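Below are the sequence and a predicted model; questions follow.
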Amino acid sequence: MSPNPSGHVLSVTEVRNALRCPRAFALGRRGGRQLVFPLGSSCLGATFHRLVDRFASTVKVLPESLGRLPTSDAKVGRSIQREVLRLLARELMSDPAYAAIPGEVDDLAEACRQFSRHVAHRLKAFPGSCFDALPRLFRSGEQSIEAYFPEAGSVLQGRIDALFGREDGTLEVVEYKLTDEQNEPLDRAQVVLYRELLRRSQIVEARPVILRFMPGLSSSSVAPPQADHVFQTELLPLLQAMPLWAQNPESAPPARCPSLCSSCPLVQACRDCGDHLSIRDDPPASACRLRPGMDDTLQIMPAATRPPLSMEDAEGRAEAEAIRKRIQEELTGNGIAAQGQEPIVGPTLFMIPMAVLRGSVQRLDRAAPDVCHRLEMVDRWKVHYEREGARRAFWIQRPAPRTVLLADLLSRKASWLRERPGRLVIGQQPDGTVLTADLADAATPHLLVAGSTGSGKSWLLKAIVASLVHFHEPSALRITLIDPKRVTFNAPRFQAALGAHLDRPTLCDVDEAIPCFEHFRELMEERYHLFEDRQVQDLHDYNRAVPASERLPRHVVVMDEYENLILDKHSAADFQRLVHALGAKARAAGIHLILATQRPDRNTVNGAIRANLTGKIALRVSSQVNSRIILDAGGAEGLLGKGDLLADLGKGLARAQAAVIDG
C-alpha cells in the first residue's frame, strides 16, 4: 500500500454513514461512536455472515458425501443445506440467548436455506464434481482490504463478505444483506467501494453484487462502467470531504432523510451544532434588505434579535409515544405481530410507521379499520391508516397543532436558498423535511395556488414571497404584487419589509393587471434578444457572461384572486393569451408567475392555466372535484385547513403545513 502522508483513515462503514448523514459521521468520529444505518438493525445479520463464512472456509475440505457429487446432481442443494444448517445448529447451541427469539431464528434458518439453494444453482455452471467446483465458485470468504486514495488523501478500509468466481473466469465481489431494499442505494455504494478497493489493493477487477435475503432471495449487480461512474461522481467527492467534516463537524450538512433524526443517538449533539442564520430581522424582513430613511437615502436598518429555533417538541413526542403504545395494545389484543416504530412528529400530524414482525401483512391491513374506529370513538383521536407499497403507517391528527414559523425553515435551508434567486420555502412536511420549490427549475417555473376561505392561502402567499426575497438583494430579485381584494399583501409591516424588492406599488385595480402582464411579456422578448447577442440560453447563463453591473434581476409576479380576470369577458382572452405566452417562454428569461384563487372550478382553472402553471399547491377545497381540477388527484378536500396543503412540484404529491410569518 502507498504511504499515507495525511494520516486520515476512513472505513467503508463510515462512508455509508456519511452518505446517509454527513453530520452523524462527523460527530460520531469526534465522540468515538460509529453508527450503523439502519439504526437498530438486527444482530442476526452478523450471525448469518459468520455461518456462510465458515462454510466458505470448508470448501477445500468437503465431506466425501458432498464433494464427490457432480454439480448437476439434484442432491447437491440438499447436501449444502445440510452442511449450512449443521453450522447453524452449532451456533444456536453455543449461545442460549437464541432461545428467546425463536421467530428470528426461524428467519435466519430460512436465509441459510436460500443461500444453499443459490450456491447449488451457481455450481451448475461449473462442470465436474463439487470438490473441483466449490473452490472455483468461492474464491474467498470474508477478508479485510485497504488502499490509499491519493485523490482524497486518505486510506480506506473495508471487509468484503465474499469473492465469487464465474464460469467465464471473471470475479464478483459479493455483499450479503438481511435488510430490505430501502437501503439499496447505500448497499450499492458499499459494493462499489469494495470493487475500487480490490482494484487498488490487489489489482483485481470484480463486478459488484448484492445478495439480499429475507423475504426471499434477490440478486442485484452494478455494471462495471456504472460502478466506476458512481465512484468518480458520488463517492470520490465524498471521500475528499469527509476528512474536513471530521475536523469540523459543524461544517457537515445534516441528514438527507430527517426521519432518521428521531432515533439517532447523536441527535442532541447535532442540534447543538446548529446551522442557524446570522442575527437578522425575521421574515417578512429580508436579511439583505435596505430601507428608505427619513432623508430619502437607503439605509441598512438595525437587525432584530430572532427567537431560538423551535426544533424541540418534547410535548408532541410524548403525546405521539402514548398513541403508539395505544395502537400497540389494540394490535396485540387482536393477535397481530406488528410493532409501532419511532413516531414521526409533525406540526399537525403524527405518523406511526408499522413493521410486521412475522406473518402476513394482510392481517394488519384487515385489523387497521377496527383500530382506527376504536381510537376515534374511545380516545377521540382522528386516525387514518395508510398503505403505500410495502409501507404501513397510522396517521393521527394532532389535537394541538404547532405553528410552523418561516424563520425556522429559512434557517434550515439557508445554504440552498442563498445559491440563487427564485428558490422558495412552502412549509414543513410531516417527517420534518422542509418543502421547497425552485422557479428556475423546468418542473416548477410558475405556481398555481388554490384554497377555499380559511384554508390559509393568504398566509402561504406571504410566506412564499418573504422566502423569495430573504437572502437576495433587490438588484437580484424583483417582486410584483397584484391584490384585487386589497387584503392579502396590505399589512404595513409586510409592505415596508418588501419595499426595496417591489418593482412597483402593489396593484389593486383589476384594470392594471393586463398592462402589467403585457409589460412582462415585452420584457421577456427583450431579454431573448439580449440572450441571442450573447449566445446564451437563459438568465443564469447571461448573468454569468456579463459584468456584475449588467446583470439582470429575476422577476416574480404574484397575483391573488386571479379569477377576477378570467371570469371578466373583457379581460379573459387577453389574460389567457398572456399566461400562455409567459408560461411557455418566460422561465428562461427569469420571469415567473404565481397565481392564486379560492375558486378552483373548471372555469377558473381551465386547460390553459393548468398547462402553463405546472407547479401546483392545493390547500383545503370544498370538494373532491376541485381537488382533481388542481392536482389530478383527490385529497385536498380532506385537508385540515389553516395551512395544511398538498403540493405537486414535479416529484409526486407531498403533504406539508404551510409556513407563516409575523407580519
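Cool, got the structure. Residues are numbered from 1 along each chain as shown.

quick one: contacts for residue 614?
Residue 614 is in contact with 443-446, 650, counting by CB atoms under 8 Å, 6 or more residues apart in numbering. Every residue, glycine included, has its C-beta placed from N, CA and C.

Would you mind giving me the confidence score for it?
pLDDT, the model's per-residue confidence, is 92 for residue 614.

export whatever helix or strand residue 24 lives in as PDB, just CAs?
Assignment of secondary structure by DSSP states H and E places residue 24 within helix 22-31. What follows is helix 22-31 as a C-alpha-only set of coordinates in PDB (Å, rounded to 0.1, in the frame of the first residue of the first chain):
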ATOM      1  CA  PRO A  22     -22.600  13.600   7.000                       C
ATOM      2  CA  ARG A  23     -23.100  15.200  10.400                       C
ATOM      3  CA  ALA A  24     -23.700  11.800  12.100                       C
ATOM      4  CA  PHE A  25     -20.400  10.600  10.600                       C
ATOM      5  CA  ALA A  26     -18.500  13.700  11.800                       C
ATOM      6  CA  LEU A  27     -20.000  13.800  15.300                       C
ATOM      7  CA  GLY A  28     -19.500  10.000  15.600                       C
ATOM      8  CA  ARG A  29     -15.900  10.400  14.700                       C
ATOM      9  CA  ARG A  30     -15.400  13.200  17.200                       C
ATOM     10  CA  GLY A  31     -17.000  11.200  20.000                       C
END
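
And that helix, what's buried?
22-29 (16 or more other CB atoms under 10 Å).

repeat for stretch 380-397
In stretch 380-397, counting by 16+ other CB under 10 Å, buried: 381, 383, 385, 392-396.

contact partners of that stretch?
180, 320, 323, 327, 338, 340, 348-354, 356, 361, 364-365, 368-369, 371-372, 375-376, 399, 430, 640.

from the chain's centre, how far out does it sit?
From the chain centre to the centre of stretch 380-397 is a distance of 20 Å (CA atoms, centre = their mean, to the nearest Å).

Give me the domain ranges for the protein.
Using automatic domain parsing, the domain ranges for the chain come out as 8-245, 315-397, 406-658.

Just name the most buried of the ones you listed.
Across the domains of the chain, averaging neighbours per residue (mean count of other CB atoms under 10 Å) puts domain 406-658 on top, at a mean of 19.

what's the span of that one from first residue to last?
Using CA to CA, to the nearest Å, one end of domain 406-658 lies 9 Å from the other.

Point out where the protein drops to low pLDDT.
Along the chain, the model assigns pLDDT under 70 to residues 1-7, 31-43, 181-182, 214-215, 256-312, 662-663.

which SS state does residue 628 fall under?
helix (DSSP: H, G, I helix; E, B strand; the rest coil).

rewinding a little: could you say which one of the domains of the chain comes nearest to residue 252?
Nearest of the domains of the chain to residue 252, taken as CB to CB: domain 8-245 at 3.9 Å.

For residue 351, give me phi and psi.
When read as degrees, to the nearest 10, the backbone of residue 351 gives phi -120, psi 130.

quick one: it from residue 334, how far?
To residue 334, residue 351 is 21 Å away according to CB to CB, to the nearest Å.

just residue 623 next, same as before
36 Å.

repeat for residue 399
According to CB to CB, residue 399 stands 25 Å off from residue 334.

can you pull the contacts of the residue lying closest to residue 543 once chain neighbours are set aside?
Spatial nearest neighbour of residue 543, excluding adjacent residues (CB to CB, 6 or more residues apart in numbering): residue 551 at 4.3 Å. Residue 551 is in contact with 475-476, 542-543, counting by CB under 8 Å, 6+ apart.

For those residues, please prepare TSV with the additional fields distance to residue 527 and secondary structure.
As requested, those are exported to TSV (distance: CB to CB, whole Å; DSSP: H, G, I helix; E, B strand; the rest coil):
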residue	distance to residue 527	secondary structure
475	16	coil
476	15	coil
542	8	helix
543	11	helix
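
Which single one of those is nearest to residue 254?
Nearest to residue 254 among those is residue 476, at 26.8 Å by CB to CB.

residues in contact with the closest one?
Neighbour list for residue 476: 421, 551, 553-554 [criterion: CB under 8 Å, 6+ apart].

Contacts for stretch 486-494, please.
284, 458, 461-462, 465-466, 481, 483, 495, 506, 508, 558, 560, 661, 663.

hang on, the earlier thing: please produce TSV containing the domains of the chain, extended by distance to residue 253.
Below are those laid out as TSV (distance: least, CB to CB, whole Å):
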stretch	distance to residue 253
domain 8-245	5
domain 315-397	21
domain 406-658	8
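
Can you add distance to residue 607 and give the buried residues of helix 22-31 back as JSON lines?
Formatted as JSON lines, the buried residues of helix 22-31 follow (distance: CB to CB, whole Å):
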{"residue": "22", "distance to residue 607": "45"}
{"residue": "23", "distance to residue 607": "46"}
{"residue": "24", "distance to residue 607": "48"}
{"residue": "25", "distance to residue 607": "50"}
{"residue": "26", "distance to residue 607": "51"}
{"residue": "27", "distance to residue 607": "52"}
{"residue": "28", "distance to residue 607": "53"}
{"residue": "29", "distance to residue 607": "55"}
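
So what does residue 12 have for phi and psi?
Here is the backbone geometry of residue 12 (degrees, to the nearest 10): phi -60, psi -40.
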